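> Provided below are the primary sequence and the corresponding predicted coordinates.
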Amino acid sequence: MSDTTAPEPRSVLITGGNRGIGLAIARAFEANGDKVAITYRSGDVPEGLLGVRADVTDAASIDAAFSEVEAEHGPVEVLVANAGVTKDTLLMRMSEDDFTSVLDTNLAGAFRVTKRASKGMLKLRRGRIVLISSVVGLYGSPGQVNYAASKAGLVGMARSITRELGGRGITANVVAPGFIKTEMTAALPEDTQKNYLSSIPANRFAEPDEVANVVRWVSSPEAAYISGAVIPVDGGLGMGH
C-alpha cells in the first residue's frame, strides 16, 4: 500500500521576493502548500506571503529577518537567494562602486543569507539552497563585467557548500535564467527584442513561472540527489557554457 500522506509544509524564504521572478518563485512554493516568507527593501508585500524587510548587504538586517521568519514559520528549510541589482556600463567607464556594490548585493548577499540559513539546516540535518544566477554569469555580456562576475561566483559558492554540507542532507544548486518576460523586457524597443530573440534557439522569452517551477522542483524530495548543479532556464541561449 502506497503512502499518500501529504508532505508537511516547509518553511521557505525567498530574498527579493515581492516582484518579478522572486514573486513567481514565492507563488510556486505557496501553491505547493509551503509556508512562504520573502525579504524586500521597498514596495508592498504581496497577499498571502510573510514579508520581512531586509537588506542583504547588512548581516544584522539579515539576522533580524531570519529571526522573524523562524518565529512565524520555524527554521528555514528552503532558501532561495534571488535578490540582485545591476549597474551596467562598459568596463572603461565602470567605477569601483559600480563593481563592488553589485558584488556586495549579488554575491556577498547570497553568502550572508546562506550562512545564516545553514545554522537551522544543520540542526535539522536537511535543507535546500538555491542560488539564482543568470546566463550572463557563464555566457558573458558587454557592459556587465560586474554583474557577470557576481553571478559566476554563485557557481563556486554552491559547489563549495555542496562539498561542506552535502553529508548533512543539505543541497546547494544554481538556477541560471536567460531572458525572462517581465515589465523590463516588455519595455525594450521592438528592434532590441528581435535582436535578443534571434540569439535564443527557443525563439521566445521565458515566462517567470518557467523559472519558478524549476526552482521548486530542485528544492523538492525528487531532487534530493542533485547538488552543486547549474540548471539553465534560457531556451538554449547559453548551452555549452
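Alright, I've got the coordinates.
> what's the least confident helix or strand in the chain, going by average pLDDT?
helix 183-186 (a mean of 74; mean pLDDT, DSSP states H and E).
> Could you point out the helix or strand that follows that one?
For helix 183-186, the following helix or strand on the C-terminal side (DSSP states H and E) is helix 190-198.
> ok, longest strand in this protein?
strand 170-177 (DSSP state E).
> quick one: strands adjacent to that strand?
Neighbouring strands of strand 170-177 in its sheet, by DSSP bridges, are strand 127-132 (parallel), strand 230-233 (parallel).
> Please work out which of those is packed deepest.
Across the strands paired with strand 170-177, averaging neighbours per residue (mean count of other CB atoms under 10 Å) puts strand 127-132 on top, at a mean of 26. The way it works is simple: take the backbone N, C-alpha and C, and place the C-beta from them, glycine included.
> mean confidence for it?
Mean pLDDT, computed over strand 127-132, is 98.
> just stretch 228-241 next, same as before
Mean per-residue pLDDT for stretch 228-241: 94.
> contacting residues around it?
By CB atoms under 8 Å, 6 or more residues apart in numbering, the surrounding residues in contact with stretch 228-241 are 133, 135, 138-139, 155, 158-159, 162-163, 166, 172-179, 199-206, 210-211, 214, 218.
> hmm, back to that, out of the strands paired with strand 170-177, the one nearest Phe111 is which?
strand 127-132 (9.9 Å; CB to CB).
> In CSV, could you pull the C-alpha coordinates for the closest one?
Coordinates of each C-alpha in strand 127-132 appear next as CSV, following Å, rounded to 0.1, in the frame of the first residue of the first chain:
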residue,chain,number,x,y,z
GLY,A,127,17.8,21.8,3.7
ARG,A,128,17.7,23.2,0.1
ILE,A,129,19.7,26.2,-1.0
VAL,A,130,19.0,27.6,-4.5
LEU,A,131,21.1,30.5,-5.8
ILE,A,132,19.6,32.5,-8.7
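> So which elements touch the next helix or strand after it?
Note on strand 127-132: by DSSP H and E, the next helix or strand toward the C-terminus is helix 136-139. Contacts defined by 3 or more CB pairs under 8 Å, 6 or more residues apart in numbering; DSSP states H and E place helix 136-139 against helix 145-165.
> Name the residues of the helix it packs on that are buried.
Neighbour-count burial for helix 145-165 flags 145-155, 157-159, 161-162, 165 (criterion: 16 or more other CB atoms under 10 Å).
> what sits against Val113?
Contacts here follow CB under 8 Å, 6+ apart; on that basis Val113 touches 13, 15, 56, 62, 66, 79, 81.
> okay, the residues you listed in a markdown table with secondary structure and distance to Ala26 next?
Below are these laid out as a markdown table (DSSP: H, G, I helix; E, B strand; the rest coil; distance: CB to CB, whole Å):
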| residue | secondary structure | distance to Ala26 |
| --- | --- | --- |
| Leu13 | strand | 9 |
| Thr15 | coil | 10 |
| Val56 | coil | 16 |
| Ile62 | helix | 18 |
| Phe66 | helix | 16 |
| Leu79 | strand | 13 |
| Ala81 | strand | 13 |
